[in-house]
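Visitor: next come a sequence and a model predicted from it.
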Amino acid sequence: MAKVYFYYSAMNAGKSTVLLQSSYNYRERGLHTMLFVPAIDTRSGTGRIQSRIGLQADAMPLPPEENVFEHIRSTHAAQPVACVLVDEAQFLTRAQVEQLTDVSDQLNIPVLCYGLRTDFQAQLFPGSAALLGLADNLIELKTICHCGRKATMNLRVGPDGKAVKEGAQVEIGGNERYVAMCRRHYKAALVGPA
């Protein structure tokens, strides 16, 4: 029986690298994969997944209204799909996460989702919340804080390098806007110098 997997972490833990490696492993054995990325994430260009170490691949951009189940079902009917992989899964809608569970349950295709658990204010993203509730397997990918402890938080920083405490939940950015930190240093950065 196929399952839905949610690989989550703070920023810069290598989620996209692991996704691209997983897809490569399937394709190396002659199996077809489908890669998706929410359309809102255009850091690498529309419909592109790119890791910080330089791996990249084309992906289907997913607007919020896209029915991912119907798209996969029609593709699967034409050419069997061995695995579905979704990058930046925190940006999925709850409906899309439910559709991905249907891909697993009805089409018997494993679904591997990769994304952040929480935003810069330590709040769950809608896609992450749905995946935490509905995925069969939850797998934490780890990265480290500057102190060497496990980083679990995503600190948003301004152009001055100081913590940003307020703003929209979604602001696309990379290392110039976000820093992965342990909870202790995240809290300290929010308080600022005494």
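Guide: Happy to help now that I have it.

Visitor: list the neighbouring strands of the helix or strand of the chain with the lowest mean pLDDT plus their orientation.
Guide: Of all helical and strand segments in the chain, the minimum by mean pLDDT, DSSP states H and E falls on strand 48-50, at a mean of 71. Strand 48-50 has these partner strands in its sheet, going by DSSP bridges: strand 56-58 (antiparallel).

Visitor: so how far is stretch 46-57 from its chain's centroid?
Guide: 13 Å (CA atoms, centre = their mean, to the nearest Å).

Visitor: what of stretch 75-94?
Guide: Chain-centre distance of stretch 75-94: 12 Å, with CA atoms, centre = their mean.

Visitor: in that stretch, what counts as buried?
Guide: With burial defined by 16 or more other CB atoms under 10 Å, the residues of stretch 75-94 counted as buried are 76, 81-93. Where you see a C-beta, it was placed from the backbone N, CA and C, and this is true even at glycine.

Visitor: over to stretch 62-75?
Guide: Buried-residue list, stretch 62-75, by 16+ other CB under 10 Å: 62, 66, 68, 69, 71, 72, 73.

Visitor: and which of the residues you listed is nearest residue 31?
Guide: residue 72 (14.7 Å; CB to CB).

Visitor: state the distance from that closest one to residue 137.
Guide: Residue 72 is 19 Å from residue 137, where distance means CB to CB, to the nearest Å.

Visitor: nearest to residue 158 among the buried residues of stretch 62-75?
Guide: Set against residue 158, the nearest of the buried residues of stretch 62-75 by CB to CB is residue 62 (29.5 Å).

Visitor: wait, the closest one sits on residue 97?
Guide: No: under the criterion of CB atoms under 8 Å, residue 62 makes no contact with residue 97, lying 11.4 Å away.

Visitor: so is residue 190 in a helix, a strand, or just coil?
Guide: Here residue 190 is recorded as helix under DSSP: H, G, I helix; E, B strand; the rest coil.

Visitor: check contacts around it.
Guide: Counting by CB atoms under 8 Å, 6 or more residues apart in numbering, residue 190 touches 155, 163, 165.
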